[in-house]
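> Please work out how this folds:
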Amino acid sequence: MKNRITELLGAKYPIVARFGGVSPQAAARSFAALIAIVCLFQLALAAGAPWGEFAMGGAYPGVFPPSMRVAAVAQAAVLAGFALIVLIRAGLALPRWRRAAGWGVWTAVALMAISVVLNLITPSGMERLIWAPVTVLLFLLSLRVALSR
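As a prediction, this is how the structure comes out:
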């Protein structure tokens, strides 16, 4: 079934066909690496980096206010949790939890899909320029792991 879907979508969307050749383990490692970069960005915002125009729709240009710094730490923690779930589902961490991570990985896929939409419609052009491509990759990589057995 999965190969048939890839075959059908690959004809119209060549990137889907190419991702079919990526192993779930390689996709999970790439996902975790990209998430690590996003987490570092969020933690830098929390520490006072003046990059507010690149996050949250650019609503807080410059340094985030204290409440948004807390939100940035929370976002980093949630994203790190999703990276762990994707690594577990791909069989790269905590093997006893692999089956349980099945529902969690689909939650990660859904969150990444929402992130793609939000980063495409953000009023911040800089945020869109940087994070839209990253979230598209995160979505595709998490989807690859979710579709694995």
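> mind listing what C39 touches?
A76, L79, A80 (Cβ atoms under 8 Å, 6 or more residues apart in numbering). In short, each C-beta sits where N, CA and C put it, glycine included.
> Just to be sure, which of those residues are found in helices?
Counting by DSSP state H, those place A76, L79, A80 in helices.
> can you pull out the helices in the protein?
Counting by DSSP H, the helices of the chain are 2-12, 14-19, 24-46, 66-89, 101-121, 125-146.
> L120 reaches R128, doesn't it?
Yes: counting by Cβ atoms under 8 Å, R128 is a contact partner of L120 at 6.6 Å.
> Those two: who's more crowded?
Per other Cβ atoms under 10 Å, whichever of L120 and R128 has more neighbours is R128, with 18 against 12.
> any idea how far R99 is from the more buried one?
37 Å (Cβ to Cβ, to the nearest Å).
> Check A26 too.
Look at A26 and R99: by Cβ to Cβ, they are 21 Å apart.
> Name the residue in those two with the higher neighbour count.
For A26 versus R99, the count of surrounding residues by other Cβ under 10 Å is larger for A26: 14 against 10.
> Contact partners for the closest residue to A132 other than its chain neighbours?
Nearest non-adjacent residue to A132, counting by Cβ to Cβ, 6 or more residues apart in numbering: N119, 4.3 Å away. N119 sits next to E127, R128, W131, A132, V134, T135 when contact means Cβ under 8 Å, 6+ apart.
> burial count for A74?
12.
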